[in-house]
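Asks: quick check, what structure comes out for this input:
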Amino acid sequence: MSIQPAFRAAARSPGRGGAGDTVTAPLPTVALSTVALSTVALPTVALPAVPRPARRPAAVLGPRDFRPDIQGLRAVAVLLVVAYHAGVPAVTGGYVGVDVFFVISGFLITGGLLREVAASGRVSLTAFYARRIRRLLPPAALVLVVTLLAARIWGSVFQLVDTAWAAVFTALYAVNYRLAAEGVDYQQIGGPESPMQHFWSLAVEEQFYLLWPALVVLCVLGCRRRRWLLAVVLAGVCGASLLASVTVTGTDAPLAYFSLHTRAWELGAGALLAVAGPRLAALPARAAAVLSWAGLAAILWSGTVFTDETPFPGSAALVPVLGAAAVVAAGCATSQGTAEVLLRRRPMQGVGSVSYAWYLWHWPMVVLVPLMYGRTFEWWESAQVMVLALWLAVLTYWALESPTRHTRLRPGRWFDTGIALNGTVIGIATVLIVTVPTLVGTGVATTPLPLTQADVSAVQAAVGEATRTTSAPSNLVPRLSDVSLDQPATSGDGCHLGYLATQLKPCVHGDPTGSRTMVLTGDSHAQQWFPALDVAARQHHWRLVTWTKVACPIAAHEVYNANLRRVYGECATWREATVGAIVDLHPDVVVIGQSDTVPRGEVSNVGWAEGTVATIRRLQAAAIPVGFLLDTPYPGRSMPECVANHLRDVGACTSGRDEVWPYHGRHEEMARTLAAAGVTAVEPISWFCTLKDCPAIVNGMLVYRDESHVSTPYSAWLAPMMAPFFEDPP
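Replies: Numbering: from 1, shown residues only. Below is the predicted model:
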């Protein structure tokens, strides 16, 4: 999962004072994707003018009513985010913009609450939430509805249900935890990004603000030293949250990235600045200037030096968070000689004004516009998409955001409006879910021809005939609408371990009463052969023990996992436990499979093959016969999605045989090294490809359930090909 790899922060409307004029600006996502757009004639973008605000008494609103430095900081944050999602080469860590937004939000929202207490001696929670609804929901609902309709018209029907469900979770402010769960769900990895995933940070903020205002009320009302008490409580919240962020990032990076408890400290850091406002106002001008420029430099440094492989948030998030805090703190004291000299420039102020809308529009366009063109975009084309999104943001600001912000309704009416807006989004999403078109072919129905023996020529004949198929059969298996459920049984019974699990389970399949035992082990490219081996084991009356783990090869190499953003320590732990368990079990044969793409280009072809043999030799030393299933071809794209988009021309989904090996020579090197080590290696390429082509459908069956894994029906159909492992164990 890129990341995508979504966010916002609250800030007052320019030119208006008071806690009621708050705005929440967008933020970024980790699931990341690079897209682009061919040359487009874009309308002229006219950013909103920023009026010079009047001064207000420092005792109520601080030294200044309007903070140009914060408005400009919003611009920096959103520019980092959109450049990152456009794939601009230099902005490899632009996701830190979300952290900047969180700090701004905590500062402005808490400051507004404290001003309300100072002015009236109370906090109206009803009015607070009504303001949130007024400012956030209308633009968000507009973008969600437009995105759903665009996904229905231009998006893939194959993805439509997932997109609609994402909209439902977004409307319920729970999409962040959905993304966290998918981040460690191997079956979801590698799929297309949801055009809704950038809303995760809005979900985090709203979850935070369900609790924070009430906590402020408890701390400040009826307590003479309320700022001191609030600071102590905040420090405790921030400390606990930061500790959780560092700890969880090291074990479950997706959960750390998207969760409230690991992000609350960033909002809390901004809140602490608001509490400390009177003291910050006394900062010497020279110290404030140094602090401000250093803070801006820290933000820009992290945005251009961090990468997708940086463990984040964790301790790395301290750099952009403290940088943003430094800029905000310095601005509490003075504007002279600080980074405000840059941040108050008219373009920065204009971009800051529309940053929320720009954030809302940019990610759906990153995902959906390339679908309209039917191709992947280069970064410079994606940058053009971002400019188009900015134009839509300006229109949204003038036509919706600004008028809505100045609309005065009773709080109860805003709650009704919020229910209506979110209800509309959920209603449209529900309609799309229940009316999604049936994905069937238009050709003549066919029946898969059973294989009764290990007849490679019969398989090759079926594959050759498949290259001449012109349309998808109406009885295609698995059905395209159900392909996401097409998982080997071991994915559901806990025998195929997830990222974080290491404990082996007693996983016996095949014929549990059989007198002979086979063990299947490796990563998901070993698990994909479970349907075939399970059928064959039952036919030959063998016990089949399965010990497999996602993205964890048997090769004795340290594995870096991009989704966890760290070294995959659980893989090494599981590998050692599995080898030991196999030696203790001493089966009649061990069958191994693994993906040759797991180490990417970090390990040489020879090193990868030798690391594999190193583990195999430990089994051979225990006198255990070992067989190896060489890796299967990689189509390089989602085959179900391709077929769904080419039902009448499935030939468009055929891959060239010379294009299905991601790393040149690695497959061949593995075969040579295994042969030299005396390991029986089975080559499956002829089960998938002719001498020239690799079709997407064979005998009415989808060959792949995604971009690289064999579908369960096709694997089961190839059960006779497993005969060498049973008839004469190597």
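
Asks: alpha carbons only for contacts and neighbour counts from here, please
Replies: Noted.

Asks: so residue 353 sits against residue 71, correct?
Replies: Yes. Proximity of residue 353 to residue 71 meets the contact threshold set by Cα atoms under 8 Å, at 6.9 Å.

Asks: neighbours of the nearest residue to residue 330 once chain neighbours are set aside, how many?
Replies: Counting by Cα to Cα, 6 or more residues apart in numbering, residue 288 is the residue found nearest to residue 330 once chain neighbours are left out, at 4.5 Å. Residues near residue 288, counting by other Cα atoms under 10 Å, number 28.

Asks: roughly how far does residue 288 sit from residue 69?
Replies: From residue 288 across to residue 69, the span is 13 Å (Cα to Cα, to the nearest Å).

Asks: find residues that contact each of the two.
Replies: Here residue 288 and residue 69 have residue 331 as joint contacts, going by Cα atoms under 8 Å, 6 or more residues apart in numbering.

Asks: if we can go back for a sec, which other helices and strands does whichever strand or helix holds the residue nearest to residue 330 contact?
Replies: Secondary structure assignment for residue 288, by DSSP states H and E: helix 285-305. Helices and strands touching helix 285-305, by 3 or more Cα pairs under 8 Å, 6 or more residues apart in numbering; DSSP states H and E, are helix 318-331.

Asks: ends of stretch 639-650, what's the gap?
Replies: By Cα to Cα, the extent of stretch 639-650 from end to end equals 10 Å.

Asks: mind checking how far it is from the chain centre?
Replies: 25 Å (Cα atoms, centre = their mean, to the nearest Å).

Asks: pLDDT on that stretch, on average?
Replies: Stretch 639-650 shows a mean pLDDT of 86 in the predicted model.

Asks: re the thing from before, got the angle for the helix holding residue 288 vs helix 318-331?
Replies: 150 degrees (axes from the mean of the first three to the mean of the last three Cα atoms, to 10 degrees).

Asks: list the buried ones in helix 285-305?
Replies: Buried residues in helix 285-305, defined by neighbour count with 16 or more other Cα atoms under 10 Å: 285, 288-304.

Asks: I'd say the residue nearest to residue 330 and residue 328 touch.
Replies: No. Checked against Cα under 8 Å, the pair residue 288 and residue 328 is beyond contact range at 9.9 Å.

Asks: assumed residue 642 was part of a helix.
Replies: Yes. According to DSSP: H, G, I helix; E, B strand; the rest coil, residue 642 belongs to a helix.

Asks: wait, doesn't it sit right on residue 654?
Replies: No. Checked against Cα under 8 Å, the pair residue 642 and residue 654 is beyond contact range at 9.6 Å.

Asks: list the contacts of stretch 718-730.
Replies: Contact with stretch 718-730 is made by 451-456, 531-533, 535-537, 540, 588-589, 591, 625-627, 679-680, as judged by Cα under 8 Å, 6+ apart.

Asks: buried ones in it?
Replies: Judged by neighbour count (16+ other Cα under 10 Å), stretch 718-730 contains these buried residues: 718, 719, 720, 721, 722, 723, 725, 726, 729, 730.

Asks: using PDB, write down the CA coordinates of that stretch.
Replies: This file holds the C-alpha atoms of stretch 718-730, laid out as PDB (Å, rounded to 0.1, in the frame of the first residue of the first chain):
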ATOM      1  CA  LEU A 718      -3.500 -27.600 -11.600                       C
ATOM      2  CA  ALA A 719      -3.600 -30.100  -8.700                       C
ATOM      3  CA  PRO A 720      -2.300 -33.000 -11.000                       C
ATOM      4  CA  MET A 721       0.800 -30.900 -11.700                       C
ATOM      5  CA  MET A 722       1.700 -31.500  -8.000                       C
ATOM      6  CA  ALA A 723       2.100 -35.200  -8.600                       C
ATOM      7  CA  PRO A 724       6.000 -35.200  -8.500                       C
ATOM      8  CA  PHE A 725       5.900 -34.200  -4.800                       C
ATOM      9  CA  PHE A 726       3.700 -37.100  -3.900                       C
ATOM     10  CA  GLU A 727       4.600 -40.000  -6.100                       C
ATOM     11  CA  ASP A 728       8.400 -39.800  -5.600                       C
ATOM     12  CA  PRO A 729       9.200 -37.300  -2.900                       C
ATOM     13  CA  PRO A 730      12.500 -35.500  -3.700                       C
END
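
Asks: much appreciated, bye for now.
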